[in-house]
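K.L.:
give me coordinates for this.
(chains A and B)
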Amino acid sequence: MTVTIQFIAARARIHWPQAVFGTFFCAFFSAGALAALPIQKFQLANGAVVHLVESPAIAMLDVQIDFDGGSRRDPPSQVGLANMTAELLEKGVMARSGLPALDENALGEAWADLGAQFDAGAGSDRFSFTLRSLTEPDLLAKAVALAARQIAEPAFPDDVWQRDKQKMIAGIKESDTRPATLARRAYSQAVYGGHPYGHEFTEAGVAAIRTADMRAFYQATVVACRARISLVGAVNRAQAEQVATAMLARLPQTPCANLPALSPVADVMPLAQAVQRTIAFDAAQAQVLMGQPGYKRSDPAFFPLLVGNYILGGGGFVSRLMTEVREKRGLTYGVSSNFSPGMHAGAFTVSLQTRPDQAQQALDVVRQVVKDFVATGPLDAEVKAAKDNLTGGFALLIDSNRKLLGNISNIAWYGLPTTYLDTWTAQIDKVTAQDVKAAMAAKLQPEKMVTIILGAKP
Amino acid sequence: MKPTHRFLLPIFVPVFLSWMASSAGAQAPSTVEQFTLSNGLTVIVKPDRRAPTAAHMLWVRVGSMDEVDGTTGVAHVLEHMLFKGTATIQPGEFSRRVAALGGRDNAFTSRDATGYHQQIPSGKLEDVMRLEADRFANNQWPDDEFKREIEVVKEERRSRTEESPRALMYEAANAMTFTASPYRRPVVGWMSDLDAMTPQDARDFYRRWYVPGNAAVVVAGDVDVAEVKRLAEKYYGPMAARPVPTRKPRDEPEQTGARRLDFKGVASQAYTSMAFKVPKLLPSDFTDDKADNKAGRDPLALTVLAAVLDGYSGARLNRALEQGDNRVADSAGAYNGLTGRGPQLFILDGVPAAGKTAAQVAAALREQVARVAQNGVSEAELNRVKTQWIASETYKLDSVFNQARELGSNWINGMPLDFDKRLIARLRSVTSAEVQAVAAKYFGDDQMNQATLLPQAMDPNRKPRTAATPTTPPSRH
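P.N.:
Numbering: from 1, shown residues only, chains lettered A, B, ... in the order given. Purely as a prediction, here's the structure:
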């Protein structure tokens, strides 16, 4: 956790890669004839869907398994349940079938001894497991067997949870002293209303979670037939099927047809009117956030919105926001806009930090830029520059196993065709300035956005 | 849209198929080549043909440690100004051009080095080499560009440092830990130095340090060595050779007593960090690879010690400090600075659990080191951390950019091209007795620098600052 060697970059970490990846989730069918990227798709006997890219050059394998159990399914009184369940999943497995129980330390040692990495985590939509292992047969077999135990027989030890809960609450309190946390919380509440996308951990919410809740949540979520499994690495189809099957083998194999359907989660409501909150805070910088609910990843205007946001504030140094706020006026180190589409309409957000006495000026510039962009759309030259970057740089989105895994797990999760990546550049190429203007105008209402200014000079 | 884009997909397809299908299970051979142009510039190339992309980096062996008092932060400010144009490129145009090529670009400054990098489709390598060589040789900009960019840098300092109590504490701790070494200063610079910095300060620094003999170009990815050599000679070759400035040693005098610092900041959790001065690996440690080469054994053993303490979930610190009913810490860590141009530190740090103090955490951390000094470490622990390193050698091949970054960093430190392989080989040879010996040798009071963050409550009634003057760093309370 110590950082003694400072690396400081010329630019703030920009949202460009995320923004582009975001589009990957959303985009759309176009039946490409050429299989540029051979994604193999098949189903296991238990109903789980597998996506595989064989990448034999390095003797390693990456696996991701996703379930519909992200934080959007957290009960309102137990915000953090999905995340805490994932945390505690790494703290022990139960004894079963003659195999002894393993506590958190035995598990940590076992993974280190294999030179492998196994993690559980929860996002807004997904509850996920990831495994990275060498493909040396003995090591891989052991890693898969250990992962299977952790997936099927987590111990959820109560004493460990009592301890980790205290740590978590201490962390929340610490985080609450930071202006960025407070600004983000006010923003999320205003943009999402009561929707779970806007939920943030609180002391009370975390304190209300019991290990019994975790077990019930886990049992309802991690169901073999609902798994979406993605693999990238030095395995062939038969080996991949073996790995995928083995990782789920210790779970009940009940067919999905015999299970109750998961309950639907309500959508994010659009804002009825503008909200502006000015929060007093004493800090070196003011926090400025502006935005509104955006769109779902299944939105048919996904590609025009991707191109549009690249131009507005997603394209790093060359975006309109960066040009106007940083380059021309020196008001901030970094300013960006991004959409965060998922199963629901994740927020469109512009954010920046600036010296307290400049906050209003910076906000005025942001508002003008967004308003102008929504009203008049992009210039043809801007659309061309965006497309040059996005299509020209397509290879950079898939040039490692790690990046490929991210992409095919999105394809798997959102049910996109296996030709999705092959047709991606063509989808970008089709976008016109008029498409961008229409899509941005349909999604963004500058007169009805949320604005949070924390720590500005009055 | 441009009709050429219609061709992109079909052109791309065959390349991609060959990448995915042809490597036939073999580990990609990782040959690295290095050569020097006649003007002194170093070029390092690592072909990796898995995907049709490449990373291009220019490393300059100059960082904040090469600055002098009064103009701290100038290496980093100059890094920003390299994006502001040349005789033929307008301000901001560099990034626009890289973006138009489908690329991403950025740069960074550390204490030891300044780096500029682009990730691009491999067919665009020549374009970025032309652009990068141009700004390395011909960077120029009007004063007006500097006036705005220095404000951006001040915002960066506010974001990274002044908004973070722990970052402010590290800054103060570094200033305490080092006396003569330039490592005592923050990379981003003191605020008053940024306030006082002039365009000429940046230009002078550029003129002095950006010479071919002080730089290396690193290219990794889907490239051909001979072609990279041709391009390097074409674009970087014409720069005139200039002498690399003499560097003053500024050696850190021996520390002869513990130093302690209390730092007050708005926080709810305390935090403490203990930095011990330790030896680092030197290029001369690699002049031979014989089994009985005893050079650089202590730095290696210290790195193994850090891994045994904190290298995996369930390692010693985690187990001893963060678990149990009476646990002392919410988190605890160990880190060893193995390489670098300046003096290195072994750092133990931790956040006290509720009801525990920073002093208790510090004592518990040192107790764990003392146990190793007394009893050594087990074979199982040694093998475990070595297994992780060996596996990580394979995993890191997945990222071409990280490989380029590692090669550049090794060059900055004066290490051999195959440093990583040789390092792993040597780490594998470290024994329990060696780890025990360094645990006993380097963790006394006299070499210790302890900094502690004392949390201060937020005042719920306080008002926002009334005047935020750009010339005075805000006081914290």
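K.L.:
just give the nearest non-adjacent residue to whichever residue of the stretch 301-450 of chain A sits closest to chain B, would you?
P.N.:
Nearest to chain B, among the residues of the stretch 301-450 of chain A, is A:Gly392, at 2.2 Å (C-beta to the nearest C-beta). Every residue, glycine included, has its C-beta placed from N, CA and C. Distances taken as C-beta to C-beta, 6 or more residues apart in numbering or on different chains place B:Gly102 nearest to A:Gly392, at 2.2 Å, with adjacent residues excluded.
K.L.:
and the pLDDT for the one you found?
P.N.:
B:Gly102 is assigned a pLDDT of 96 by the prediction.
K.L.:
same deal with A:Asp282?
P.N.:
Residue-level pLDDT assigned to A:Asp282 equals 91.
K.L.:
over to A:Ala207?
P.N.:
If you check A:Ala207, the pLDDT there is 97.
K.L.:
can I assume A:Thr202 is in contact with A:Val79?
P.N.:
Yes: under the criterion of C-beta atoms under 8 Å, A:Thr202 makes contact with A:Val79 at 6.5 Å.
K.L.:
and the two? which has more neighbours close in?
P.N.:
The neighbour comparison of A:Thr202 against A:Val79 (other C-beta atoms under 10 Å in any protein chain shown) goes to A:Val79, with 22 against 15.
K.L.:
gap between that one and chain B?
P.N.:
Using C-beta to the nearest C-beta, to the nearest Å, we find A:Val79 at a distance of 20 Å from chain B.
K.L.:
ok now do that residue, which residues does it touch?
P.N.:
By C-beta atoms under 8 Å, 6 or more residues apart in numbering or on different chains, the residues touching A:Val79 are A:71, A:196, A:199-202, A:205-206.
K.L.:
just flag the most distant two among these.
P.N.:
Greatest spacing in those, by C-beta to C-beta: A:Pro196 and A:Val206 (15.2 Å).
K.L.:
contacts only, for the residue lying farthest from the centre of chain A.
P.N.:
The C-alpha centroid of chain A is most remote from A:Gly98, which lies 38.1 Å away (C-alpha atoms, centre = their mean). Applying C-beta under 8 Å, 6+ apart to A:Gly98 gives no contacts.
K.L.:
measure it to A:Ala145 for me?
P.N.:
With distances taken as C-beta to C-beta, to the nearest Å, A:Gly98 is found 13 Å from A:Ala145.
K.L.:
what's the answer for A:Val288, then?
P.N.:
For A:Val288, the distance to A:Ala145 equals 51 Å [C-beta to C-beta].
K.L.:
now B:Arg327
P.N.:
B:Arg327 is 31 Å from A:Ala145, by C-beta to C-beta.
K.L.:
neighbour-wise, which of these two wins?
P.N.:
Neighbours were tallied for B:Arg327 and for A:Ala145 using other C-beta under 10 Å; the higher tally belongs to B:Arg327 (20 against 14).
K.L.:
please name the nearest non-neighbouring residue to the more buried one.
P.N.:
In space, B:Arg327 is closest to B:Ala353, 5.3 Å off (C-beta to C-beta, 6+ apart).
K.L.:
does that neighbour really touch B:Ser331, like I thought?
P.N.:
No: using C-beta under 8 Å, B:Ala353 is not in contact with B:Ser331; the gap is 9.3 Å.
K.L.:
can you list residues touching both of those two?
P.N.:
A:167, B:322.
K.L.:
what does the stretch 101-250 of chain A have sitting close to chain B?
P.N.:
By C-beta under 8 Å from any C-beta of the partner chain, the residues of the stretch 101-250 of chain A that approach chain B are A:104-109, A:111-116, A:132, A:134, A:163, A:166-167, A:170-171, A:173-174, A:176-180, A:234.
K.L.:
so which of those residues belong to helices?
P.N.:
Residues of these located in helices (DSSP state H): A:104-109, A:111-114, A:163, A:166-167, A:170-171, A:173-174, A:179-180.
K.L.:
list only buried entries from those.
P.N.:
Among these, those buried by neighbour count (16 or more other C-beta atoms under 10 Å in any protein chain shown) are A:104-105, A:107-109, A:111-114, A:163, A:166-167, A:170-171, A:174, A:179-180.
K.L.:
pick out the residue nearest the middle of chain B.
P.N.:
Computing the C-alpha centroid of chain B and ranking residues by C-alpha atoms, centre = their mean puts B:Ser110 first, at 5.9 Å.
K.L.:
again, but for chain A
P.N.:
For chain A, the residue nearest the mean C-alpha position is A:Gly123 (5.8 Å; C-alpha atoms, centre = their mean).
K.L.:
quick check: that residue touching A:Gly70?
P.N.:
Yes: counting by C-beta under 8 Å, A:Gly70 is a contact partner of A:Gly123 at 5.0 Å.
K.L.:
where does chain A have low pLDDT?
P.N.:
For chain A, the stretches flagged by pLDDT under 70 are A:1-36, A:458.
K.L.:
how about the strands in it?
P.N.:
Ranges of strands within chain A are A:8-9, A:40-43, A:49-54, A:60-67, A:92-93, A:102-103, A:117-122, A:127-134, A:228-233, A:275-279, A:286-295, A:335-339, A:346-354, A:450-454, based on DSSP state E.
K.L.:
what sits up against the second one?
P.N.:
With C-beta under 8 Å, 6+ apart as the test, strand A:40-43 has contacts from A:49-54, A:237, A:240-241, A:418.
K.L.:
make a ChimeraX selection of the buried ones in those.
P.N.:
Of those, the buried ones go into a single ChimeraX selection, burial set by 16+ other C-beta under 10 Å:
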select /A:49,50,51,52,53,54,240,241,418
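K.L.:
a markdown table please, covering the contacts of strand A:40-43 and showing distance to B:Arg148.
P.N.:
Shown next, in a markdown table, are the contacts of strand A:40-43 (distance: C-beta to C-beta, whole Å):
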| residue | distance to B:Arg148 |
| --- | --- |
| A:Val49 | 52 |
| A:Val50 | 53 |
| A:His51 | 48 |
| A:Leu52 | 50 |
| A:Val53 | 45 |
| A:Glu54 | 50 |
| A:Arg237 | 56 |
| A:Ala240 | 53 |
| A:Glu241 | 58 |
| A:Thr418 | 48 |
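K.L.:
and the furthest pair within the contacts of strand A:40-43?
P.N.:
Going by C-beta to C-beta, the pair spanning those furthest: A:Val49 and A:Glu54, at 17.4 Å.
K.L.:
what is the burial count for the residue of chain B found nearest chain A?
P.N.:
Minimum separation of chain B from chain A (C-beta to the nearest C-beta) falls at B:Gly102, amounting to 2.2 Å. Neighbour count of B:Gly102, defined by other C-beta under 10 Å: 23.
K.L.:
stretch A:370-382 and chain B in contact?
P.N.:
No: figure legend: stretch A:370-382 not in contact with chain B (C-beta under 8 Å from any C-beta); closest approach 9.1 Å.
K.L.:
now that stretch: buried residues?
P.N.:
A:370, A:373-374, A:377-378, A:382.
K.L.:
could you find the closest non-adjacent residue to A:Val366?
P.N.:
Nearest to A:Val366 is A:Val350, by C-beta to C-beta, 6+ apart, at 5.5 Å.
K.L.:
the one you found contacts A:Gly313, doesn't it?
P.N.:
Yes: using C-beta under 8 Å, A:Val350 is in contact with A:Gly313, at 6.1 Å.
K.L.:
what is in contact with the two at once?
P.N.:
Shared contacts of A:Val350 and A:Gly313, defined by C-beta under 8 Å, 6+ apart, comprise A:321, A:335-337.
K.L.:
show me what secondary structure element comes after the helix or strand of chain B with the lowest mean pLDDT.
P.N.:
Lowest by mean pLDDT, DSSP states H and E among the helices and strands of chain B is helix B:5-22, with a mean of 29. Going down the chain from helix B:5-22, the next helix or strand is strand B:33-36, by DSSP states H and E.
K.L.:
tell me which residues are up against that next one.
P.N.:
The set of residues external to strand B:33-36 that reach it, using C-beta under 8 Å, 6+ apart, is B:42-46, B:225, B:229, B:417.
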